[in-house]
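Trainee: kindly return the folded structure for what I paste below:
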Amino acid sequence: MTTRPAAGDTFPDIALETPEGGSVKASDFAGRKLVVFFYPKDSTPGCTTENIDFSALQDQFEATGTALLGVSKDSAKRHLNFIAKHDLKAPLATDAEENGLSDALGIWTEKQNYGRTYMGMVRTTYLIGPDGKIARVWDKVKVKDHAQQVLDAAKALR
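Mentor: Below is the predicted model:
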């Protein structure tokens, strides 16, 4: 099992696919704050709520000099449909490759539900400082009020 990076560690600089066919990585945001929120799957209830909540606060995050990036292993096409269906403002990216960013962070892991074992994403959020170091980690996130808590932490981070 991968040791999960913690506050003070440098955030891995691994490229992700954008829905438009480009790529994005943490170093693209050097000099500004970045929130990367990982969620299990587009169009599921908790993930939809989380993405809508972050999108609703997008302008407030921008006002604090903080970029947002939502990440799951869903395909670019699925992301485009998800964005259109819910008018999402927070950018999304795909971490579809093996040995991708979620693997490096140790949050793509074996899970169990109703006796079934499968690989899945642990809902996790990272607040990264302008220096590329992790300022805060929220592990096993509960969606209710989460986006606001992250915004409050981003406001406090200098």
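Trainee: who's in contact with residue 19?
Mentor: 76-77, 79-80, 83, 92-94 (Cβ atoms under 8 Å, 6 or more residues apart in numbering). (Each C-beta comes from the backbone N, C-alpha and C, glycine too.)
Trainee: isn't there a strand covering it?
Mentor: No. Under DSSP: H, G, I helix; E, B strand; the rest coil, residue 19 sits outside any strand and is assigned coil.
Trainee: where's the closest residue to it other than its chain neighbours, which helix or strand?
Mentor: Excluding its sequence neighbours, the residue lying closest to residue 19 (Cβ to Cβ, 6 or more residues apart in numbering) is residue 79, at 4.1 Å. Here residue 79 sits within helix 76-86, counting by DSSP states H and E.
Trainee: I'd say residue 34 and residue 26 touch.
Mentor: Yes. The pair residue 34 and residue 26 passes the contact test of Cβ atoms under 8 Å, sitting 6.4 Å apart.
Trainee: intersection of neighbour lists for these two?
Mentor: 11, 128.
Trainee: returning to what we had before: mind giving me the PyMOL command for buried ones among the contacts of residue 19?
Mentor: Here is the PyMOL command that selects the buried residues among the contacts of residue 19 (16 or more other Cβ atoms under 10 Å):
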select buried, resi 76+79+83+92+93+94
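Trainee: widest-spaced pair of the contacts of residue 19?
Mentor: The span of the contacts of residue 19, defined through Cβ to Cβ, is set by 77 and 93 at 13.5 Å.
Trainee: dump the residue contacts of the closest residue to residue 46 other than its chain neighbours.
Mentor: Spatially, and ignoring its direct neighbours in sequence, residue 46 is nearest to residue 143 (5.0 Å; Cβ to Cβ, 6+ apart). With contacts defined as Cβ under 8 Å, 6+ apart, residue 143 is in contact with 46, 49-50, 53, 123.
Trainee: give me the buried subset of these.
Mentor: By 16+ other Cβ under 10 Å, the contacts of residue 143 give 49-50, 53, 123 as buried.
Trainee: let's have the residues you listed in CSV, adding distance to residue 151.
Mentor: Shown next, in CSV, are these (distance: Cβ to Cβ, whole Å):
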residue, distance to residue 151
49, 16
50, 13
53, 10
123, 17
